[in-house]
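> one predicted model, sequence on top.
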Amino acid sequence: MNPSSNSNQTDERVEWIRASMERHEAELLRYALSLVGDLPSAEDLVQDAFFKLCKQEPGSLRGRLVPWLFTVVRNQAMDRHRRESRWPRAAESEASEVAGNAPIPSASVQARDDVRNLMSLMPSLPPNQREVVRLKFQNQLSYREISQLTRLTETNVGFLLHTALKTLRQRFEHLDHRPGQPPTSSP
Amino acid sequence: MKSSSSPADWTPDSPELTDFALKDGPYEQSVPGWAERRAAAEKVVARSAALRAEVGEIRRLADSVETDLAQEEIHRLSLDRRQAVLAYARNPERGLPRRFAEGLSSNADSPWRRFWSVLTRPAMGLGLAAATALSIALALWSPWKSASVPAGSVAANSTVSNTPVRKLESATEATNPLEQPLGDVVATDAVPESLIQPEIQRGDPPPRWDHSGKNSAPLGEPVSEDVPGGTTATLAPALGSDLSASARSSDVASFAPKDSKESPRWLGQAKAKASPSVPNALAAAETREPVVSPTKASSPRRQAQTTREIPFQSAATTPLSTFPLKPGNTSYPQVRRAIQEGQLPSPDAVRLDELLNYFSYNQPAPAGSDPVSAHVEVADSPWSPDHRLVKIGVQARPTRPVGRPAANIVVLVSLSPGSAARLSWAQRSLQTLFETLNDRDSVALLLDGPRGRVLLPPTSAGDQDRLSRSLSLLRAEGAPRGLEGLRRAYALAAQHLVRDGINRVIWILDGEFSAEVGTREELAALIREQTEWGVLLSVLGFGSDPVADPNATPWVPTPSGETYASVASPAEARAALQRELRPDPTTAAEDVTVDVRFNPDRVDRWRLLSQENRDPSTRRAASKTNAAAQKGTPMEAGQSVTALYEIVPNRSGNRPESAVDKASAAVAGPSNDLLSLQVGYRSPAGGTVQNTTTNKPPRSLQVGVPDVHRSADAATADYKFAAAVVGYGLLLRDSPYKGDLTWEKVQSLAEEGQGPDREGYRMEFLQLVRQARALNDSASNAAPPAGQIKSRP
């Protein structure tokens, strides 16, 4: 980056960063939280992603900012887990259940009211399915974006979703709930 | 397992059916050949009941999962973190902020931090090289590698992605993405090219909409809400038009931009679209005058009047008239409320031009390239049959419905329990709103309350079934959290921001809502910030009436950029919601002036049915409006204005004597004309206002209006209705100009003038006429209160 960039360019970058934070921090935080399980760490990851974004030229990521940010967050989460030796995603360890379970604070409030909420079944999914479900249905990423992010093939992403939905449905039906009626609680 | 079976081979268990149901993977719109693929699959699915049922199940489940995931709490970065990022953005060369470098991890010696210190050291090359080398080395045994390969059943399906990666300049470049689990290098500097998806809009730079020309709306004028079928029109007066009212509400004034020139460009749009308004200001404005007169006796009421109607003028000495293009919009709701409460409104609250313009009339749209049209109808005055009543309408070209940009709507519902009726209004009016949306639009529905939840995550409005289902989940849970709810609503809106589109949070609440005092500043800051980002807020107070019960006024800070409407009936709720979807106002014509020139040969005297004296604050606004009318004001697309003139025809046949009169008579054209109407305007060039006014020559429409002697009974329904509305005003004001007008006459005019009345406003008016008539009958039988007798001069 050119240190002599004039103030216009600086303003442009600051605006760009500000706008990007405004628009994406919430979804990134949710995602980061689902990866690391505690809010301060998630905030670290997201803030970190935006620090990195500052190094980019405004406009250079046009059209791919969202996958870029998710990729950065994910890679850093991976790195963090690996370095701190608590990245248990491959093994279905107890720790992963905790990590996967933790980042649903408000939903867990709901879940307390309605244990048959679909969300309460999420932790029973393998982490890779959970992540794909989240990226697809919470962050509205396409198979292609998810595959780029997770480095799975698109077919694989589709298969994970298929399996996850199927599992959720079976367990949900087991709970005597029809998926056709969203499990919302009435006052 | 088949990697991609043909639809003909599908069973309900086929994974491909999920792709199809979710319209993703090979069926996603950006994939070449998706349409053919989808069509082929649809045929197959349509033939099989089992597949159809399965697709339905998958979609319903996906909806449920999406809805449930949307319940998760929404967090934002803390202020200091944001500031740190912005400070770094200003000078990335300076290195990362100290706090971040130190505080990244609670463990000061963590590899996390060490990694960062490497990354942020000026000798980036070396650091990166080391980090990358390390990452590659670690990747070889990283458990992540296996994580990226789905275990068990999926393994057969997983292949190593050979996604092309942009070439790294670093010598430590990694070539296989799978071998870069560390990811920092790849992620930061070499996102795979395949990530480039131009159609991903949300990744675009921040919206800086150029609402060129929107700043042109004069701040000082009341803004008329030109909604087809009338409008709730209970928006507070524009900031500039009612400084006294706004100033009384300190909450309000502090949010207004100090100088409109300093406002960001988007603010202009907001100002033009909806005057900076606040419930508080609304309350202040509406209580500015004694709304309800304690007395029912006729003469004291007249004595109490401070707003005099414009008297008759001589056409010989004053042949020229004009009227404001944007009358105020507060009078009708005041009158309605008083009547509905069983009291006659104060004469001062009854403003003829505002009543008249509360309703919309079927004025022909401009023909050809003209941006404005004028329409005149003449008949005998219903209350003075010797007089003529002239209805003049000026209509700007309508907004093209196809031109509506995509909308991103988030509805936040904060209703108190026990308001089942309001809840049902909300459901019905939202249903109507949703039905007008299409698959370009996105809708989210959020329920505020102790168990506040997302009932519908941002969803394409093409999925109407789902939208309807979400509405059925709406509940009035009470104890809305306000700040929290609104924050979530904004966050949902931010997820689907549409550039150059309508981004709007619609907040439905009732009189029970009151933000906790402690959160007000935060609420205000949030709204201000979001408005700045282009997400506008509309607050609809369902069933709330700030005037009737000031304590029940929902406290909502409203910096300019949002609308507030008090909604008192289901029809109003629907109209108010529809209004939010109005495209950004576009200027149909600049510098619009209206000149009505009476022909002294045919007109003895004339008067505009309006009032001239108001209290000081509104007088200021009125004089501004008049000045603006002389100079010309812009008209927004779809805007219309209606005026009524009462004319005393010149039956003597005397020709004007003075030089002025001769000149005016000459200009008035053929002497058979009652009057001539000239509407001057400039066509907007599509550029800035300044450009248009200098570049485009002024043009004008001229309409000669011949005198017509016909009974009002033979007039159009619109004419009769307009006469009924103004006649209603004359009776409520106990006007000296009411002639032989009776309540019975007003009622029959209103009945005959109903027309199609799609929104039910004219029917409501008819109700008001009946109620007022009954009130008046009972009042005239009652003795005037003693206090009023004393006040007589």
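Right, received. Where do you want to start?

> please make it C-alpha for all contacts and neighbour counts, starting now.
Noted.

> check chain A for its longest helix and report it.
In chain A, assigned by DSSP state H, the helix with the most residues is helix A:7-36.

> show me what counts as buried in it.
By neighbour count with 16 or more other Cα atoms under 10 Å in any protein chain shown, helix A:7-36 contains the buried residues A:10, A:12-36.

> ok, and which of those reach chain B?
Restricting the buried residues of helix A:7-36 to those touching chain B (Cα under 8 Å from any Cα of the partner chain) yields A:10, A:13-27, A:29-30.

> mind splitting the chain into its structural domains?
Using chain A here. A:1-103, A:111-187 (automatic domain parsing).

> wait, chain B was what I had in mind.
If you go by automatic domain parsing, chain B breaks into B:7-69, B:79-140+B:160-203, B:219-286+B:405-580, B:292-400+B:587-780.

> worst average pLDDT in these?
In terms of mean pLDDT, the lowest-scoring of the domains of chain B is domain B:79-140+B:160-203 (a mean of 44).

> the most centrally placed residue in chain A: what's it in contact with?
Taking Cα atoms, centre = their mean as the criterion, A:Tyr31 is the residue nearest the geometric centre of chain A, at 2.4 Å. Going by Cα atoms under 8 Å, 6 or more residues apart in numbering or on different chains, A:Tyr31 touches A:Arg134, A:Leu135.

> from A:Lys166, how far out is it?
Distance of A:Tyr31 to A:Lys166, computed by Cα to Cα, to the nearest Å: 23 Å.

> cool, B:Gln530 as well?
39 Å.

> so the two - more neighbours on which side?
B:Gln530 (21 against 17; other Cα atoms under 10 Å in any protein chain shown).

> pull the helix or strand where that one lies out as PDB, backbone CA atoms only.
Assigned by DSSP states H and E, B:Gln530 falls within helix B:520-532. The C-alpha trace of helix B:520-532 is given here as PDB (Å, rounded to 0.1, in the frame of the first residue of the first chain):
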ATOM      1  CA  ARG B 520     -33.600   6.600  24.700                       C
ATOM      2  CA  GLU B 521     -30.300   8.100  23.800                       C
ATOM      3  CA  GLU B 522     -29.100   4.800  22.600                       C
ATOM      4  CA  LEU B 523     -32.300   4.300  20.600                       C
ATOM      5  CA  ALA B 524     -31.900   7.700  19.000                       C
ATOM      6  CA  ALA B 525     -28.300   7.100  18.200                       C
ATOM      7  CA  LEU B 526     -29.100   3.700  16.700                       C
ATOM      8  CA  ILE B 527     -31.800   5.200  14.500                       C
ATOM      9  CA  ARG B 528     -29.600   8.100  13.400                       C
ATOM     10  CA  GLU B 529     -26.800   5.800  12.500                       C
ATOM     11  CA  GLN B 530     -28.900   3.400  10.600                       C
ATOM     12  CA  THR B 531     -30.700   6.200   8.800                       C
ATOM     13  CA  GLU B 532     -27.300   7.400   7.700                       C
END
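
> ok and it relative to helix A:7-36, angle-wise?
On the basis of axes from the mean of the first three to the mean of the last three Cα atoms, to 10 degrees, helix B:520-532 is oriented at 120 degrees to helix A:7-36.

> which is the next helix or strand following helix B:520-532?
Using DSSP H and E, the helix or strand that follows helix B:520-532 in sequence is strand B:536-542.

> could you see whether chain A lies near that next one?
No: using Cα under 8 Å from any Cα, strand B:536-542 stays clear of chain A, coming no nearer than 14.7 Å.

> and that strand, which residues are buried?
B:Leu536, B:Leu537, B:Ser538, B:Val539, B:Leu540, B:Gly541, B:Phe542.

> the first one reaches B:Leu497, doesn't it?
The reference is to B:Leu536. No: contact criterion Cα atoms under 8 Å: B:Leu536 and B:Leu497 do not qualify, at 11.3 Å.

> what residues are shared contacts of those two?
B:Asn503.

> isn't A:Phe137 right next to B:Val65, touching?
Yes: look at A:Phe137 against B:Val65 with Cα under 8 Å: they come within range, at 6.9 Å.

> residues that sit against both of the two, list them.
With Cα under 8 Å, 6+ apart as the test, A:Phe137 and B:Val65 reach no residue in common.

> any figure for the gap between B:Ile508 and B:Tyr719?
According to Cα to Cα, B:Ile508 stands 36 Å off from B:Tyr719.

> these two - which one has more neighbours?
B:Tyr719 (28 against 24).

> the more buried one is in what secondary structure piece?
Element membership for B:Tyr719, per DSSP H and E: helix B:717-733.

> neighbouring contacts of that helix?
Counting by Cα under 8 Å, 6+ apart, helix B:717-733 makes contact with B:301-302, B:344-348, B:350-353, B:355-356, B:361-362, B:377, B:382-383, B:391, B:609, B:712-713, B:737-738, B:741-743, B:746-747, B:749-755, B:769, all of which sit outside it.

> what are the buried residues along it?
Judged by neighbour count (16+ other Cα under 10 Å), helix B:717-733 contains these buried residues: B:717-733.

> just checking, what packs against the longest strand anywhere in chain B?
Ranked by number of residues, the top strand in chain B under DSSP state E is strand B:587-598. Applying 3 or more Cα pairs under 8 Å, 6 or more residues apart in numbering or on different chains; DSSP states H and E, one finds that strand B:587-598 contacts strand B:320-321, helix B:616-631, strand B:633-636, strand B:673-682, helix B:689-695.

> what does the first one contact?
For strand B:320-321, contacts defined as Cα under 8 Å, 6+ apart pick out B:Asp595, B:Val596, B:Arg597, B:Phe598.

> for it, which strands pair with it and how are they oriented?
For strand B:320-321, the paired strands and their directions (DSSP bridges) are strand B:587-598 (antiparallel).

> which stretches of chain A form helices?
Under the criterion DSSP H, helices of chain A are mapped to A:7-36, A:39-54, A:65-83, A:94-101, A:105-113, A:127-137, A:143-150, A:154-174.

> list the buried ones in the last one?
Neighbour-count burial for helix A:154-174 flags A:154-169, A:171-172 (criterion: 16+ other Cα under 10 Å).

> which other helices and strands contact it?
helix A:127-137, helix A:143-150, helix B:15-22, helix B:49-69.

> now render the ones you listed as JSON lines, adding distance to B:Val372.
JSON lines is the format used below for the helices and strands packed on helix A:154-174 (distance: least, Cα to Cα, whole Å):
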{"stretch": "helix A:127-137", "distance to B:Val372": "48"}
{"stretch": "helix A:143-150", "distance to B:Val372": "49"}
{"stretch": "helix B:15-22", "distance to B:Val372": "48"}
{"stretch": "helix B:49-69", "distance to B:Val372": "47"}
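
> now do B:Trp507 against chain A, distance only.
20 Å (Cα to the nearest Cα, to the nearest Å).

> which SS state does that residue fall under?
strand (DSSP: H, G, I helix; E, B strand; the rest coil).

> isn't it up against B:Leu537?
Yes: here B:Trp507 reaches B:Leu537: they are 7.3 Å apart, a contact under Cα under 8 Å.

> mind checking the helices of chain A for the one nearest to B:Thr330?
B:Thr330 lies closest, by Cα to Cα, to one member of the helices of chain A: helix A:7-36, at 36.9 Å.

> so how far is that closest one off the chain centroid?
15 Å (Cα atoms, centre = their mean, to the nearest Å).

> what is the helix holding B:Gln530 packed up against?
Here helix B:520-532 touches helix B:483-495, strand B:536-542, going by 3+ Cα pairs under 8 Å, 6+ apart.

> could you rerun that using 7 Å?
In terms of contacts (3 or more Cα pairs under 7 Å, 6 or more residues apart in numbering or on different chains; DSSP states H and E), helix B:520-532 is not packed against any helix or strand.
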